[in-house]
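Undergrad: Next one to model:
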Amino acid sequence: MTIAYRIDQIDYPFPAKPAVLSDVRKAELKDKIKVLLKEKNATMVAHYYTDPEIQALAEETGGCVADSLEMARFGRDAAEQTLLVAGVKFMGETAKILSPEKRVFMPTMEATCSLDLGCPIEEFSAFCDAHPDHTVVVYANTSAAVKARADWVVTSSIALEIVEHLDSLGKPIIWGPDRHLGSYIAKKTGAEMLMWQGECIVHDEFSSQALQDMKALYPEAAVLVHPESPASVVEMADAVGSTSQLIQAAQDMPNQTFIVATDKGIFYKMQQLMPEKQFVEAPTAGNGATCKSCAHCPWMAMNGLEAIYQSLTTVDTSAHEIFVDDALREQALIPLNRMLDFSAQLKAKKSA
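TA: Residues are numbered from 1 along each chain as shown. This is a model prediction of the structure:
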């Protein structure tokens, strides 16, 4: 593995948190949103990292709560011709790439991602051009333009298998943008990888020293870690995986208590599926951590009820509707379909 490229330190434009709503206003908005979704032949898909009340609303209206790729697949296969994506911008773009014939809306177009912001297409494309013999593999947490520049798109749930496959073919790899996930995969596979040095502001905040102190308080707890976390945190894990894989691990493991090192939005689904188990947030403050995000993505938090209502009622849809240039969409679809086809083949092989 070679540490290859890092753009200048970014001062991420953290958004303001949505205003706190009264219970009466929340109930009023939920009722209105449910009616509007039916009127507009729309389905709502929400990411595991959105606030619990948003995830619950997606489920109550026949939508889904999932990771970014499953959100897009659900939207693609849904009968409704309008998709409301509660997440961050790259998720809306992915949904549009897979469902070009549908209208895709987001509560706010300002909801972004530090991995997306930290991997601008011009710099990343120049980096790829400097290494033309490398296969370009990019994480799903990137813009449509970056996906279009890639040979493969991966999610955290299948990145390991795809890199193993490429390594078996003797192909050197450019990996972007999450350096922690890339380092984890390089260590597991031994693949030759040139790294783009981006990071998720949520997972980058987890501290191994603080986690060690937390583990002393809960000695019987299993530690669940997303591989976007620093290597020192990953090394302490009893299970490492994507959001959906961590949920499954908590169901499969016999432990009654879990310390969870990922966005705390995941707790909604974990507690829903396993009400008898205890889930504790891994620390993001103390012993070197600064708690800028405090284990919850500030952009995911922008998906509030008021914003969702506005996206369904505004006359000027430009502030909420996702558009992807046709040529760019077709190019980005190639590496996405490679991943989907590989995933389907892998699933078929495992079930055979």
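Undergrad: pLDDT averaged over the helix or strand where Lys187 lies - what is it?
TA: Here Lys187, judged by DSSP states H and E, is contained in helix 179-189. Helix 179-189 shows a mean pLDDT of 96.
Undergrad: same thing with stretch 64-80?
TA: Rounded mean pLDDT across stretch 64-80 is 92.
Undergrad: And for stretch 234-245?
TA: When pLDDT is averaged along stretch 234-245, the result is 96.
Undergrad: Determine how far the last residue of it lies from the first.
TA: 15 Å (C-alpha to C-alpha, to the nearest Å).
Undergrad: same question, stretch 62-71
TA: Taking C-alpha to C-alpha, stretch 62-71 runs 13 Å from one end to the other.
Undergrad: tell me how far the very next helix or strand once past the helix holding Lys187 is from the chain's mean position?
TA: Next helix or strand after helix 179-189 toward the C-terminus (DSSP H and E): strand 193-196. Here strand 193-196 is found 20 Å from its chain centre; the criterion is C-alpha atoms, centre = their mean, to the nearest Å.
Undergrad: cool, and stretch 181-194?
TA: That offset, for stretch 181-194, works out to 20 Å (C-alpha atoms, centre = their mean).
Undergrad: Would you mind listing the buried residues in that stretch?
TA: Buried residues in stretch 181-194, counted by 16 or more other C-beta atoms under 10 Å: Leu181, Gly182, Ser183, Tyr184, Ile185, Ala186, Thr189, Ala191, Met193, Leu194. Every residue, glycine included, has its C-beta placed from N, CA and C.
Undergrad: Could you save those as a markdown table and add columns showing distance to Val138?
TA: Listed next are those as a markdown table, based on distance: C-beta to C-beta, whole Å:
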| residue | distance to Val138 |
| --- | --- |
| Leu181 | 11 |
| Gly182 | 10 |
| Ser183 | 16 |
| Tyr184 | 16 |
| Ile185 | 13 |
| Ala186 | 15 |
| Thr189 | 17 |
| Ala191 | 15 |
| Met193 | 12 |
| Leu194 | 12 |
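Undergrad: bridging residues for Thr257?
TA: Beta-bridge pairing for Thr257 (DSSP bridges): Gln278.
Undergrad: what do you get for Val223?
TA: Ile259.
Undergrad: Spatially central, which residue of the protein would that be?
TA: The structure's the chain has its C-alpha centroid closest to Ser68; by C-alpha atoms, centre = their mean the separation is 5.4 Å.
Undergrad: thought that one was touching Ala140?
TA: Yes - between Ser68 and Ala140 there is a contact at 5.3 Å, judged by C-beta atoms under 8 Å.
Undergrad: what sits against the nearest residue to Met253 once chain neighbours are set aside?
TA: Closest residue in space to Met253, ignoring its immediate chain neighbours: Ala222 at 5.5 Å, by C-beta to C-beta, 6 or more residues apart in numbering. Residues counted as contacts of Ala222 (C-beta atoms under 8 Å, 6 or more residues apart in numbering) are Asp238, Ala239, Ala250, Met253, Asn255, Thr257, Phe258, Ile259.
Undergrad: Could you measure from Lys187 over to Ala231?
TA: Counting by C-beta to C-beta, to the nearest Å, the separation of Lys187 from Ala231 is 8 Å.
Undergrad: my bad, should have said Ala210
TA: Counting by C-beta to C-beta - Ala210 and Ala231 are separated by 15 Å.
Undergrad: coming back round to it: name the nearest of the contacts of Ala222 relative to His134.
TA: Ala239 (31.1 Å; C-beta to C-beta).
Undergrad: Specify the beta-bridge partners of the closest one.
TA: The partner residues for Ala239, given DSSP bridges, come to Leu224.
Undergrad: Where do the strands of the stretch 1-150 of the chain begin and end?
TA: Ranges of strands within the stretch 1-150 of the chain are 2-5, 42-47, 64-66, 82-86, 103-105, 135-139, based on DSSP state E, counting those that start in this stretch.
Undergrad: By mean pLDDT, point me to the weakest helix or strand of the protein.
TA: strand 2-5 (a mean of 46; mean pLDDT, DSSP states H and E).
Undergrad: can you point me to the longest helix in the protein?
TA: Longest helix in the chain by number of residues (criterion: DSSP state H): helix 326-351.
Undergrad: tell me the mean pLDDT for that helix?
TA: Mean predicted lDDT for helix 326-351 stands at 93.
Undergrad: thinking again about what came up before, what packs against the helix holding Lys187?
TA: Applying 3 or more C-beta pairs under 8 Å, 6 or more residues apart in numbering; DSSP states H and E, we find helix 179-189 packed against helix 159-168, strand 173-176, strand 193-196, helix 231-234.
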